[in-house]
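Asker: Next comes the sequence, and after it the predicted model I'd like to discuss.
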Amino acid sequence: MKFLIIGLGNFGTSLATKLTNLGHEVIGVDKKIEKVEELKDKIAQAICIDCKYQDAVNSLPLRNTDVVIVAIGEDEGANILTTALMKKMNVPRLISRSVSPLHETVLEAMEIDEIVRPEEETAERWAKKLSSEGIIDSFQIADNYSIVEAKIPQKFHGKTIAEIGFNKQYQVIVLTIMKNKTEKNILGLFRKVKKLEIQGIAMADTVLNAGDIMVLYGNSDHIQEMLHHE
């Protein structure tokens, strides 16, 4: 995959190098030349421009970019302006960093669905999430076994856990199902949040709905194979 990361502070730099180490093409962008120089030999490309301006954004190599991450943290205004310009460019997937509850609320008002909170989430976890299509979060237990949150794909919609045969066919266990609910933020705007308990322990006759979230346990390779198997 091709990633463009704007803002090469501690979080942006760490995410850029980890994604590169996972085999992805990463372009890093920052307005400070010293940050660009520090990273230029570690990723595919590093660019020194200020992305608060439309002309600068127009010059970015956005063609065939899969994900744009606005990782600017030291300047909330620059983050918001850059995020707005990226949204205007209609990039396929846009993720933005928040540094405060108010900043997060502004991003939600801009209809940014994916928000990074580096103070709570590590670059390593985000690198894993971004590298695995359909996976929302994962926690490795040991020896490549993980607990994984993944969106239920369309191919499973309307089927029960028994009909799909997760354990028999994929050697994967479905622990529970989670849904998104809607609530208001401090501006009175509706947003989706994750509700952690919906159906308790998943049963053989539990019916799956595309877009809901299933919590899985198993070998990481088996989970990947299950999610991508047609």
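Answerer: Great, that's in hand.

Asker: Strands of this structure, residue ranges please.
Answerer: Taking DSSP state E as the test, the strands found in the chain are 2-6, 25-30, 45-48, 67-70, 94-97, 114-116, 135-142, 145-151, 172-184, 190-195, 213-219.

Asker: Name the nearest residue to the residue nearest the centre of the chain, sequence neighbours excluded.
Answerer: The chain has residue 130 as the residue nearest its centroid, 5.1 Å off, counting by C-alpha atoms, centre = their mean. Leaving aside its sequence neighbours, residue 130 sits nearest to residue 67 (C-beta to C-beta, 6 or more residues apart in numbering; 6.2 Å). C-betas here are computed from N, CA, C, even on glycine.

Asker: just residue 17 next, same as before
Answerer: residue 42 (5.6 Å).

Asker: and what of residue 64?
Answerer: Counting by C-beta to C-beta, 6+ apart, residue 2 is the residue found nearest to residue 64 once chain neighbours are left out, at 5.8 Å.

Asker: and that neighbour, what does it touch?
Answerer: Residue 2 sits next to 24-27, 64-67 when contact means C-beta atoms under 8 Å, 6 or more residues apart in numbering.

Asker: From residue 90, how far off is the residue of the chain positioned farthest from its centre?
Answerer: The outermost residue of the chain relative to its centre, with distances by C-alpha atoms, centre = their mean, is residue 205 at 30.6 Å. Residue 205 sits 42 Å away from residue 90, going by C-beta to C-beta, to the nearest Å.

Asker: Over to residue 75?
Answerer: From residue 75 across to residue 90, the span is 24 Å (C-beta to C-beta).

Asker: Alright, that wraps it up for me.
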